[in-house]
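Enquirer: A predicted structure for the sequence below; I have some questions about it.
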Amino acid sequence: MTSHPDVEALAFFAEELLEPDEERTVASHIDTCATCATTLDELTGVGEVLAAVPVPAMPRDVADLLDQRIAEAARERAAESPAETAGTPAGEASADGAAAVGVPPSGATVIPVSRRRRHKRSPGFMPKLMMVAAAAVLIGGGGAAVLNGGLSDTSEPAGGVAAPLQEDGGEEAAPDIAQSYTPQVVRSGTVYTEASLPEQAALTLDRSPVGGEPSSEDAGPMAAVEDAPVGVEECAVLLGEELGTRFTLVDDASYGDEGSRVWVLFAPLGERYEVYVVDPRCAQGGETAQSVLAQETVRTP
Amino acid sequence: MDAVQELPDRELLTRHAQGDDQAFGVLVRRHRERLWAVAVRMMGDPDEASDALQDAFLSAFRAADRFRGESQVSTWLHRIVVNACHDRLRRRKVRPATPTEDSTLDVMSNERLGRMGGAPDHASQTEARMDVHAALELLPLDQRMALTLVDMLGYRVEEAARILDVASGTVKSRCARGRAKLLPSLAHLRNPQHPGDVTTGRGGVNPS
């Protein structure tokens, strides 16, 4: 008799995501295994539990605040281009009346959203973090990925959410496009191994300028090096093009039992990072992808 | 005013981009309830949902001229809200040194089982909601976001895929993984009234 499929396999089975042969195996197992049949049933229950959580209605003050902020934005915009909306008190007329007029006087002072980002970091961390953020900007590597990452807390204007990349294309996207594709290079001194790659990569990310706030006290943040090895850029760009991704960080490090020199490339992918260990010869022509020694995906620290 | 109210989303966005100072407000009022639901589910906290929603709408306000019409305005707005939530959730997640997920889920469910002492019918709706959000908090963000849209809010997989800008299969697998991870901590919440029916005295004891 087959062993029990794990819960994830059952969840995949429920979504019809398994390969045909695996699906047959699981299906026949469930027929004879009450435990797994129950688990499958409970998985459906998870969805039901989630669906049953009530959604609180939008509070009136949230709606009012939205109206205010939009009205304020419209006023600011009108002030920037007075010709278009001359004489129109932009925004004040934009609400349906109640929202804009009915707000208490305190509503006139719109408090930046960032005010609510309270006590989220220990005070001791702030200067270090800001230093790292500044370095990232000065070096200019990483582009939007860095600016929208964990570092942006201290530097972004209130309300500065990145619009979806897919819709980018106007003037405001220029910094991103103009941003060099040069990844930041660090030297962590790590000797990566295949077995420990996920942990090691996560630690490097954690300490790096692109990975957000370092979470462990004993591993201090790393700054990007200025003397990036020759070829690392080409390698990152070529491989990035081949894989349809963009590397924002490279660790100039060692790998394996021999401790041979490698470049460990990091590309952000949602809240994860794709990590590629590549031979430094990767930029010397030929198939770039063949120089990939190992690949891993780690979660953003 | 009425005329503006009836304009389609896309026209409103165009007008806004051209300098119309009312069009965007109409758009906001048309979509904010739905997007509020998304934000509050994602964030699990009304204050944070409010912040995220404001971030998102202001971002959309400024980015309107970059909307290229490749998707529905509604999808575009959803995506911006989801991105705003994602940013906030990620920052929130980065902060505490999180223990490994599986062990935490186990501990959570064990603690709860002990606390509830075999009387699951006392689990109030509030407690259930808190449990759900505590459990969601432990999921990787991509799974959490997919589950929030599909399971919690009832978006079709295809819609969620468009909003999250990934393939439908990716949404399905994220949901599947998320459900598998949530199972230990949420299975007991299913039909909480069911095991209690015998003892709560419903039907018979209380005259209706």
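Expert: Structure received.
Enquirer: Could you use CA atoms for every contact and neighbour count after this?
Expert: Fine.
Enquirer: now the strands: where do they sit in chain A?
Expert: Along chain A, counting by DSSP state E, strands occupy A:184-186, A:191-192, A:249-255, A:260-269, A:272-278, A:292-299.
Enquirer: which residues touch the second one?
Expert: The contact list for strand A:191-192, computed with C-alpha atoms under 8 Å, 6 or more residues apart in numbering or on different chains, reads A:200, A:253-256, A:259.
Enquirer: switch to 6 Å and redo it
Expert: A:254-255 (C-alpha atoms under 6 Å, 6 or more residues apart in numbering or on different chains).
Enquirer: ok, now the fourth one?
Expert: Contacts with strand A:260-269, where a contact means C-alpha under 6 Å, 6+ apart, come from A:246-254, A:273-280.
Enquirer: quick revisit: can you tell me which of the strands of chain A is most buried?
Expert: Of these, the one with the most neighbours on average (mean count of other C-alpha atoms under 10 Å in any protein chain shown) is strand A:184-186, at a mean of 26.
Enquirer: What residues does chain B have near chain A?
Expert: For chain B, the residues in contact with chain A (C-alpha under 6 Å from any C-alpha of the partner chain) are B:21-22, B:55, B:59, B:66-67, B:80, B:84, B:91, B:129, B:151-152, B:176-177, B:180, B:187, B:190.
Enquirer: Poorly predicted segments of the stretch 151-300 of chain A, please.
Expert: For the stretch 151-300 of chain A, the stretches flagged by pLDDT under 70 are A:151-181, A:211-220, A:283-287.
Enquirer: ok, now chain B?
Expert: Counting by pLDDT under 70, chain B has low-confidence residues at B:1-3, B:94-130, B:187, B:190-208.
Enquirer: Could you list the domains of it?
Expert: Segmentation of chain B into domains, based on automatic domain parsing, reads B:2-94, B:101-189.
Enquirer: Now mean neighbour count too, for those domains, in JSON lines please.
Expert: Converted to JSON lines, the domains of chain B look like this (neighbours: other C-alpha atoms under 10 Å in any protein chain shown):
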{"stretch": "domain B:2-94", "mean neighbour count": "20"}
{"stretch": "domain B:101-189", "mean neighbour count": "19"}
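Enquirer: what about those domains, which gets the closest to A:Q290?
Expert: Among the domains of chain B, domain B:101-189 comes nearest to A:Q290, with 26.9 Å by C-alpha to C-alpha.
Enquirer: Give me the pLDDT for A:D31.
Expert: pLDDT recorded at A:D31 is 93.
Enquirer: quick one: it and chain B, what's the gap?
Expert: Distance, A:D31 to chain B, by C-alpha to the nearest C-alpha, to the nearest Å: 20 Å.
Enquirer: Could you chop chain A up by domain?
Expert: Here the domain parsing of chain A from automatic domain parsing is A:7-52, A:60-111, A:129-301.
Enquirer: which stretches of chain A form helices?
Expert: Under the criterion DSSP state H, helices of chain A are mapped to A:7-14, A:20-32, A:34-52, A:60-80, A:98-101, A:126-139, A:144-147, A:174-178, A:197-207, A:232-243.
Enquirer: got a markdown table for those, with mean neighbour count too?
Expert: Below are those laid out as a markdown table (neighbours: other C-alpha under 10 Å):
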| stretch | mean neighbour count |
| --- | --- |
| helix A:7-14 | 22 |
| helix A:20-32 | 14 |
| helix A:34-52 | 19 |
| helix A:60-80 | 20 |
| helix A:98-101 | 16 |
| helix A:126-139 | 16 |
| helix A:144-147 | 20 |
| helix A:174-178 | 13 |
| helix A:197-207 | 22 |
| helix A:232-243 | 19 |
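Enquirer: Mind putting these into a markdown table with distance to A:M222?
Expert: Converted to a markdown table, those look like this (distance: least, C-alpha to C-alpha, whole Å):
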| stretch | distance to A:M222 |
| --- | --- |
| helix A:7-14 | 37 |
| helix A:20-32 | 45 |
| helix A:34-52 | 41 |
| helix A:60-80 | 39 |
| helix A:98-101 | 49 |
| helix A:126-139 | 9 |
| helix A:144-147 | 15 |
| helix A:174-178 | 24 |
| helix A:197-207 | 6 |
| helix A:232-243 | 18 |
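Enquirer: Now do the contacts for A:E233.
Expert: Residues counted as contacts of A:E233 (C-alpha under 6 Å, 6+ apart) are A:T182.
Enquirer: What distance do you get for it to A:A294?
Expert: Distance of A:E233 to A:A294, computed by C-alpha to C-alpha, to the nearest Å: 19 Å.
Enquirer: same question, A:V26
Expert: For A:V26, the distance to A:A294 - C-alpha to C-alpha - is 31 Å.
Enquirer: Give the next helix or strand downstream of the helix or strand where B:A52 lies.
Expert: Using DSSP states H and E, the element containing B:A52 is helix B:46-63. Where DSSP H and E defines the elements, the next helix or strand beyond helix B:46-63 is helix B:73-94.
Enquirer: who does that next one touch, helix- and strand-wise?
Expert: If you count contacts as 3 or more C-alpha pairs under 6 Å, 6 or more residues apart in numbering or on different chains; DSSP states H and E, helix B:73-94 packs onto helix B:46-63.
Enquirer: what is the orientation angle of the helix it packs on with helix A:60-80?
Expert: With axes from the mean of the first three to the mean of the last three C-alpha atoms, to 10 degrees defining the directions, helix B:46-63 sits at 20 degrees from helix A:60-80.
Enquirer: now the angle from helix B:46-63 to helix B:73-94?
Expert: Using the same axes, to 10 degrees, one finds that helix B:46-63 and helix B:73-94 are set 130 degrees apart in direction.
Enquirer: what residues does the stretch 1-150 of chain A put near chain B?
Expert: The stretch 1-150 of chain A comes close to chain B at residues A:7-8, A:11-12, A:42, A:45, A:47, A:49-51, A:53, A:74, A:90, A:94, A:150, as judged by C-alpha under 6 Å from any C-alpha.
Enquirer: What sits closest to B:W36 if chain neighbours are left out?
Expert: In space, and not counting its chain neighbours, B:W36 is closest to A:M58: 6.3 Å by C-alpha to C-alpha, 6 or more residues apart in numbering or on different chains.
Enquirer: Counting neighbours, what do you get for that neighbour?
Expert: For A:M58, the neighbour count with other C-alpha atoms under 10 Å in any protein chain shown is 18.
Enquirer: and it, what are its phi and psi?
Expert: Main-chain dihedrals, A:M58, degrees, to the nearest 10: phi -70, psi 120.
Enquirer: How about B:E70?
Expert: phi -80, psi -20.
Enquirer: what's the distance between it and B:W76?
Expert: In terms of C-alpha to C-alpha, B:E70 sits 9 Å off from B:W76.
Enquirer: roughly how far out does the helix holding B:A52 sit from the chain middle?
Expert: Relative to its chain's centre, helix B:46-63 lies at 15 Å (C-alpha atoms, centre = their mean, to the nearest Å).
Enquirer: What helices and strands are in contact with it?
Expert: helix B:23-43, helix B:73-94.
Enquirer: who wins for proximity to A:A224 among the strands of chain A?
Expert: Between A:A224 and these, the tightest spacing by C-alpha to C-alpha is seen for strand A:184-186, at 4.8 Å.
Enquirer: related to what we said a few turns ago, tilt between the helix holding B:A52 and helix B:23-43?
Expert: Orientation of helix B:46-63 against helix B:23-43 (the same axes, to 10 degrees) gives an angle of 140 degrees.
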